[in-house]
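> coordinates only, sequence not included:
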Ligand SMILES: Nc1ncnc2c1ncn2[C@@H]1O[C@H](COP(=O)(O)OP(=O)(O)OP(=O)(O)O)[C@@H](O)[C@H]1O
Ligand SMILES: O=C(O)CCCC[C@@H]1SC[C@@H]2NC(=O)N[C@@H]21
């Protein structure tokens, strides 16, 4: 093996076992593939957005993984989870689809806490944090009549492998286990559960309990934040909650402002 990390023999995901566990009759997920390498699982599924929902694509390695606003997402092969899925909640008003990345955050936080024993906080709109460091990121992209929901989670990265010093991994956070199969199973089950509840409620996050679950896990709400917006003055003030469309409510000098995930360049704690 040519890997510079010879002591880090990372086992592959078990595609067959994941399929057996997750592709169940009547369930949301209907196809699941694990690729040894691809550019970006979100980009791959965007090309299949007109198929029925419930596709899951996982990559052991991404060479052009992307984050919000075309930022890069990088991680050594098999060191984490890079998973995308297609969802098409057609009877939910599109304005409410802004809750989908937040739903994924709640699902991922719950899976990580249950399976790996690591407590995480959510940073609106798309990060899972351990302390102030980023454990995972979520990217929701519209494609045709679907949303491609992508999650990147750092599992067994060592300090010297972190792509940025502000990142962390389950290993570094002292996880009970860094076995990726059970984490992925729990994650996809939690997404399915929350998605089904939210959808049955017509996308009303308050009615289905999603808004409460999100608020409970969110480190942004209740803090003073500085929100950088493209081509607009930076907004600073207390973040007071999330609106019906999944936007962050920030009380600025001129009153409350709702900011959408697609609009913000950075959200930082303000002094
Ligand atoms: N595996 C990884 N783990 C953690 N962070 C990563 C990883 N790969 C890339 N990144 C970083 O994540 C960032 C993308 O996430 P995002 O768009 O949320 O930006 P951010 O810098 O976290 O936002 P903010 O400035 O609001 O905190 C990129 O800037 C990139 O440097
Ligand atoms: O933090 C972010 O800005 C979001 C990062 C999202 C990364 C995941 S990895 C699986 C999926 N495929 C991608 O190219 N991006 C997402």
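Cool, got the structure. This one's a predicted model, so the numbers in the text were calculated from it and none came from an experiment. Ligands and ions are numbered 1, 2, ... in the order given.

> give the contact list for the closest residue to residue 220 other than its chain neighbours.
By the measure of Cβ to Cβ, 6 or more residues apart in numbering, the closest residue to residue 220 outside its immediate chain neighbours is residue 124, 4.2 Å from it. For the C-beta atoms, the positions are set from N, CA and C on the backbone; glycine is no exception. Contact partners of residue 124, counting by Cβ atoms under 8 Å, 6 or more residues apart in numbering, are 102, 218, 220-221, 239, 242, 248, 261, 267.

> what do you get for residue 49?
Contacts of residue 49 (Cβ under 8 Å, 6+ apart): 86, 143-146, 148.

> one more pass at 10 Å, please.
For residue 49, the set of contacting residues under the criterion of Cβ atoms under 10 Å, 6 or more residues apart in numbering consists of 55, 86, 88, 141-148.

> report the beta-bridge partners for the residue minimising distance to the centre of the chain.
Compute the mean C-alpha point of the chain, and by Cα atoms, centre = their mean the closest residue is residue 138, 2.8 Å away. Taking DSSP bridges, one obtains residue 151 as the residues bridged to residue 138.

> so it sits against residue 100, correct?
Yes: taking contacts as Cβ atoms under 10 Å, residue 138 lies within contact range of residue 100: 9.0 Å.

> common neighbours of the two, please.
Taking Cβ under 10 Å, 6+ apart as the contact criterion, the common neighbours of residue 138 and residue 100 are 149, 261.

> so which residues of this structure form strands?
For the chain, the strands identified by DSSP state E occupy 31-35, 55-59, 80-87, 121-123, 127-130, 133-143, 146-154, 224-228, 235-242, 248-252, 255-259, 266-269, in order along the chain.

> who's the residue in the stretch 101-250 of the chain that ligand 1 sits nearest to bridged to?
Across the stretch 101-250 of the chain, the shortest distance to ligand 1 (Cβ to the nearest ligand atom) belongs to residue 167, at 3.3 Å. Following DSSP bridges, residue 167 is listed with bridge partners residue 134.

> who in the stretch 1-150 of the chain is up against ligand 2?
Those residues of the stretch 1-150 of the chain that sit near ligand 2, judged by Cβ under 6 Å from any ligand atom, are 40-42, 62, 65-68, 71, 73, 82-84, 126, 137-139, 150.

> if we can go back for a sec, quick one: buried ones out of the contacts of residue 49?
Buried members of the contacts of residue 49, counted by 16 or more other Cβ atoms under 10 Å: 55, 86, 88, 141, 143, 146-148.

> which of those sit farthest apart?
When the buried ones among the contacts of residue 49 are compared pair by pair using Cβ to Cβ, the farthest-apart members prove to be 55 and 141, with a separation of 13.9 Å.

> re the thing from before, turn the contacts of residue 49 into JSON lines, columns for pLDDT.
Output for the contacts of residue 49, formatted as JSON lines (pLDDT from 0 to 100):
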{"residue": "55", "pLDDT": "98"}
{"residue": "86", "pLDDT": "98"}
{"residue": "88", "pLDDT": "98"}
{"residue": "141", "pLDDT": "96"}
{"residue": "142", "pLDDT": "96"}
{"residue": "143", "pLDDT": "96"}
{"residue": "144", "pLDDT": "94"}
{"residue": "145", "pLDDT": "93"}
{"residue": "146", "pLDDT": "97"}
{"residue": "147", "pLDDT": "98"}
{"residue": "148", "pLDDT": "98"}
